[in-house]
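Undergrad: pasting the structure only:
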């Protein structure tokens, strides 16, 4: 009995030493004045949303890759990283990227000789034009690739938008607006999220822009209503929804909503209803920012918001606990020494750029401007940081046991 008690204390001590508080943010890439880390010196990027897969690979769009200063795509992990794709011309613009567990990356290319969706094939190490389907489309937004290689997005036409998937060389329209399909009930389709099960989900304006719901649509066009606002259901507590949502492989949907009685929160819709994950005024959360929350397959999410001291933060919520993962003015380690997650005084505005991302290990990745720890007028550039999952994440015990082997 005494030996078992001592072993339990040993496990607890080791666990606490590994996971005391939040794990420290790890620098994966930094671009800055006069120096850089894991990216060509002189490259620049601004407010971009990163992605992370279950292999802990991170992808990010770069505005200008030195020395050509054309748009590009960066991919890396804790062991290194570099540019994996560069635009063919000076005028092309790239959207934020999406990534699957094979490390394949996709993004939208605009202002080029052939606009549409591009793909980096990780196995072949090559980049090629993928599609501009369906016929007649002139824009492709919120592009996402799943592990089967299927791509989901909103295609824009002269008459309106359609939620679309592309697979095996062919596209399929799941749902279109009334401007394209006179039989549709939906006046406007906001940017969607696409998952492994072939579903597309998002906010949709039902018959008028003042009536909104969150729905899913399969490849046959069958629509399932997941959450209504109060104009469509008098029992709904939601007066409105943020424009973007996130869908995981369990068909759970993360969304931000305003409440009819006042207040604002982050919620997860399931087949049986919805759950509140975070609400302004509780757990140190002051205000939720207008970025989509991101949800992993274990029902853990990350989002951006202010704490009750008015500092911007990256947050983690699992339905029971709400935790600040990284906060403005935090001190972090970089390749050139300590730095603060802070905007230089001559830049101003938010230090965080884009939304965070999360994988099924509970790892969270985010981007931030950096300054000298003692002098906010001295810029240290901008970095990509990884915060590894810790206690409370479903895979924690497996990871702990692996660390002992």
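TA: Cool, got the structure. Source: prediction; values computed, not measured.
Undergrad: Write down the beta-bridge partners of residue 152, one by one.
TA: Taking DSSP bridges, one obtains residue 144, residue 165 as the residues bridged to residue 152.
Undergrad: Would you confirm that it contacts residue 144?
TA: Yes. The criterion here is Cβ atoms under 8 Å, and residue 152 meets it with residue 144 at 5.1 Å. All C-beta spots, glycine's among them, are computed from the backbone N, C-alpha and C.
Undergrad: Between the two, which is the more surrounded one?
TA: Legend: neighbour count by other Cβ atoms under 10 Å for residue 152 and residue 144, higher for residue 152 (26 against 22).
Undergrad: which residues sit in contact with that one?
TA: Residue 152 makes contact with 142-144, 146, 163-166, 192-194, 200 under the criterion Cβ atoms under 8 Å, 6 or more residues apart in numbering.
Undergrad: Just send the residues you listed back as a markdown table, with distance to residue 311 and pLDDT too.
TA: Below are the contacts of residue 152 laid out as a markdown table (distance: Cβ to Cβ, whole Å; pLDDT from 0 to 100):
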| residue | distance to residue 311 | pLDDT |
| --- | --- | --- |
| 142 | 29 | 97 |
| 143 | 33 | 98 |
| 144 | 31 | 97 |
| 146 | 35 | 96 |
| 163 | 37 | 98 |
| 164 | 40 | 98 |
| 165 | 40 | 97 |
| 166 | 41 | 97 |
| 192 | 32 | 97 |
| 193 | 29 | 97 |
| 194 | 33 | 96 |
| 200 | 36 | 97 |
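Undergrad: Now rank these by neighbours and give me the top one.
TA: Neighbour counts for the contacts of residue 152 peak at residue 163, which has 31 neighbours (criterion: other Cβ under 10 Å).
Undergrad: could you point out which element follows whatever helix or strand that residue lives in?
TA: Per DSSP states H and E: residue 163 is located in strand 160-167. For strand 160-167, the following helix or strand on the C-terminal side (DSSP H and E) is strand 170-176.
Undergrad: Pull the residues that contact the very next helix or strand once past that following strand.
TA: Using DSSP H and E, the helix or strand that directly follows strand 170-176 along the chain is strand 186-189. Here strand 186-189 makes contact (Cβ under 8 Å, 6+ apart) with 154, 160-163, 175-178, 202, 204-209.
Undergrad: Tell me the first helix or strand C-terminal of strand 186-189.
TA: Per DSSP H and E, the first helix or strand lying C-terminal to strand 186-189 is strand 193-194.
Undergrad: Show me what the next helix or strand after that following strand pairs with in its sheet, parallel or antiparallel.
TA: Note on strand 193-194: by DSSP H and E, the next helix or strand toward the C-terminus is strand 200-206. According to DSSP bridges, strand 200-206 has the following sheet partners: strand 186-189 (antiparallel), strand 193-194 (antiparallel), strand 212-217 (antiparallel).
Undergrad: the inter-axis angle of the longest one versus strand 170-176?
TA: Computed by axes from the mean of the first three to the mean of the last three Cα atoms, to 10 degrees, the angle separating strand 212-217 from strand 170-176 equals 150 degrees.
Undergrad: for the next helix or strand along the chain from strand 212-217, packing partners?
TA: The helix or strand immediately downstream of strand 212-217 is strand 223-228, counting by DSSP H and E. Where contact means 3 or more Cβ pairs under 8 Å, 6 or more residues apart in numbering; DSSP states H and E, strand 223-228 is packed against strand 212-217, strand 238-241, strand 253-259, strand 264-270.
Undergrad: now stretch 58-66, how far from the centre of its chain.
TA: Its chain's average C-alpha position is 16 Å from that of stretch 58-66, according to Cα atoms, centre = their mean, to the nearest Å.
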